[in-house]
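J.: Here is the input, now give the coordinates:
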Amino acid sequence: MTALALASILFSTPMDNPLETPRPETLPGPSFAAWTKWDTQGDAYVRTLNPGRPWTELVLSWNATLEPGARIDWYAEVPGAPQPYHLGTWAESADQGRGSTNGQKDDFGAVYTDTLVLNQPATTVTIRATISGGAKIKFSSVALTSPNAPQTELEPNRRAWGRIIEAPRLAQMNYPNGNVICSPTALTMVMNFWADKLGREDLRSDVPATCEGVYDPGWEGTGNWSFNAAFAGSKPGFRAYVARLSALPELEDWIAHGWPVVTSISYSLLKGEERRRPNDGHLVVLVGFTPEGDPIFNDPGRNVVRMTYKRADFERAWAHSARTCYLVYPRQMVPPRSRTGLWLDRFDPEAPAR
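T.: Next comes the predicted model:
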C-alpha cells in the first residue's frame with residue numbers, strides 16, 4: 001500500500017444562534033470531524049483528532065471501496081485506556097469477516113456495537129485502520145458527544161414548515177424479519193429517493209439487499225449505525241455518515257434544502273408515551289414539516305408509512321439517541337450550511353469552512 005499524504009482535518013463545534021451567526025471556536029456541546037487523508041504507521045492508517053473539548057461517546061463512519069475478499073479493521077486509541085477499542089471489521093459480507101466485536105469492556109470504557117462509551121472524559125483520540133486485501137478508504141468521520149452538554153438554542157428554520165419531500169414509502173413488515181429491520185428500510189427509502197432524483201438506477205437498492213449489506217453478525221442484527229452508513233457510502237458517488245446534532249432546527253435546514261434525513265429515535269416517546277419502553281429504538285425518515293412545525297416522517301414501522309408526530313414528542317424521542325441521524329447524499333452535491341458545524345457542509349473536508 002502506498003502511504004497517503006498528511007492531511008489537514010476538519011473539526012467543528014457548535015454555535016448558539018441564528019442562520020448566519022459566526023461559529024465560535026469553543027462551546028460546550030457535541031463535535032464532528034471528517035477527513036479523507038491519513039498519516040501512516042507501518043501498514044496502518046492513523047489520524048489523531050484533538051477536538052479541544054471533553055467527550056465520552058464516539059461513533060465512527062467510513063466510506064470505502066473493497067475488492068473481493070478485502071476487509072478493513074477499525075480501532076479507536078484513547079490515552080489512558082488499557083488497549084485500543086475495536087470499532088468493527090468492514091467487509092463485503094458476513095462470510096468475509098464483517099462484524100462488530102462483543103465483550104470490549106474495561107474500567108476505562110466499553111464498545112456497544114457501534115458506539116464507544118468512556119467512563120471518564122477524554123480530549124483526544126486516534127483512529128486506526130488496518131487493511132487486508134485491496135481496499136480504498138474514501139471518507140471517514142467521527143461524531144463525538146461531550147458530557148453534560150446543554151442543549152443548543154437555535155432559531156427555527158420556518159422555510160421548512162409546510163414543506164414535504166416526496167421520498168419512496170416502504171413498510172418494513174412487508175419484508176422478511178420485518179419487526180427488526182427499521183434501519184435498512186429507512187436507509188433504502190433515502191437511497192431510492194436519490195436514485196429517483198438523479199435518474200441513477202445503480203444507486204437503487206431494495207430492502208433485502210440493504211439488510212444483507214448492513215448485517216452485523218456480532219450484534220446479530222441490521223441496526224449497526226456505522227455499517228448502515230458504510231453500506232450507503234460504498235455506492236458510487238454516495239457520501240454517508242452518522243451525525244449527532246444539537247437541535248431540531250438543524251433538521252429543518254436539511255428539509256428546507258430538499259434532502260430527507262434518517263433519524264434514530266425512541267418509538268414509544270415518539271408516539272407520545274410518558275416513559276420509554278425497553279428496546280424501543282427505531283429509525284424513521286424525516287421528510288417534512290406541517291405549516292405549524294410538527295415533523296412529518298416516512299415511518300417504516302407503520303403500514304401507511306407517512307406519519308406526522310408532535311414536535312415536542314419527536315424532540316424527546318430523538319434526544320434519547322443523542323440526536324443521531326444518517327446523512328446520505330451524492331458526494332458531488334453540497335449539503336446545507338451547518339449552523340453548528342456538526343456535519344460536512346462542503347464537498348471537500350479539507351477545504352476552508354463556509
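J.: From now on I want contacts and neighbour counts done on CA atoms only, so please keep to that.
T.: Noted.
J.: list the contacts for Q104?
T.: Contacts for Q104 (CA atoms under 8 Å, 6 or more residues apart in numbering) come out as 85-86, 110-111.
J.: how far away is it from T113?
T.: 10 Å (CA to CA, to the nearest Å).
J.: With E201 instead?
T.: Remark: distance between E201 and T113 (CA to CA) = 32 Å.
J.: out of the two, which sits in the busier spot?
T.: Applying other CA atoms under 10 Å to E201 and T113 shows that T113 carries more neighbours, namely 23 against 11.
J.: residue ranges of the strands in the stretch 151-300 of the chain, please?
T.: Listed in chain order, the strands found in the stretch 151-300 of the chain under DSSP state E, counting those that start in this stretch are 238-244, 261-266, 281-289, 295-298.
J.: right, and these - which one's nearest N119?
T.: Of all the strands of the stretch 151-300 of the chain, it is strand 238-244 that lies closest to N119, at 19.4 Å by CA to CA.
J.: which SSE is the closest residue in space to T263 that isn't next to it in sequence in?
T.: Among residues not flanking T263 along the chain, C325 sits closest, at 4.3 Å (CA to CA, 6 or more residues apart in numbering). Per DSSP states H and E: C325 is located in strand 324-330.
J.: Counting neighbours, what do you get for R53?
T.: For R53, using other CA under 10 Å, the count is 20.
J.: List the residues that contact the residue nearest to it when sequence neighbours are not counted.
T.: Leaving aside its chain neighbours, R53 sits nearest to T123 (5.6 Å; criterion: CA to CA, 6+ apart). Listed by CA under 8 Å, 6+ apart, the contact partners of T123 are 50-55.
J.: Nearest to the spatial middle of this protein, which residue is it?
T.: The centroid of the chain falls nearest to V242 when counting by CA atoms, centre = their mean (1.0 Å).
J.: What about the closest residue to that one other than its chain neighbours, how many residues nearby?
T.: Of all residues not flanking V242 in the chain, Y326 sits nearest, at 4.8 Å (CA to CA, 6+ apart). The tally of other residues near Y326 (other CA under 10 Å) stands at 26.
J.: Quick one: residues contacting Y326.
T.: 225, 229, 240-243, 261-263.
J.: Also P30?
T.: Contacts of P30 (CA under 8 Å, 6+ apart): 13-14, 55, 143-146, 149, 244-246, 342.
J.: same question, T115
T.: So T115 contacts 57-60, 87 (CA under 8 Å, 6+ apart).
J.: Out of those, flag the one nearest to T210.
T.: L60 (19.7 Å).
J.: how many other residues sit next to the closest one?
T.: For L60, using other CA under 10 Å, the count is 28.
J.: distance of it from A167?
T.: Separation of L60 from A167 (CA to CA): 27 Å.
J.: can you check R244 too?
T.: Distance, R244 to A167, using CA to CA: 22 Å.
J.: Quickly find the element holding the spatially closest residue to G109 that is not a sequence neighbour.
T.: If the residues on either side of it in the chain are set aside, G109 comes closest to L118, at 4.0 Å by CA to CA, 6+ apart. Assigned by DSSP H and E, L118 belongs to strand 115-122.
J.: picking that back up, bridged to the residue nearest to V242, which residues?
T.: Beta-bridge pairing for Y326 (DSSP bridges): V242, V262.
J.: so what's A322 up against?
T.: By CA under 8 Å, 6+ apart, the contact list for A322 reads 145, 244-245.
J.: if I pick R158, what's in contact with it?
T.: By CA under 8 Å, 6+ apart, the contact set of R158 is 252, 293.
J.: how many other residues sit next to D345?
T.: D345 has 17 neighbours, counted by other CA under 10 Å.
J.: For it, which three-state class applies?
T.: coil (DSSP: H, G, I helix; E, B strand; the rest coil).
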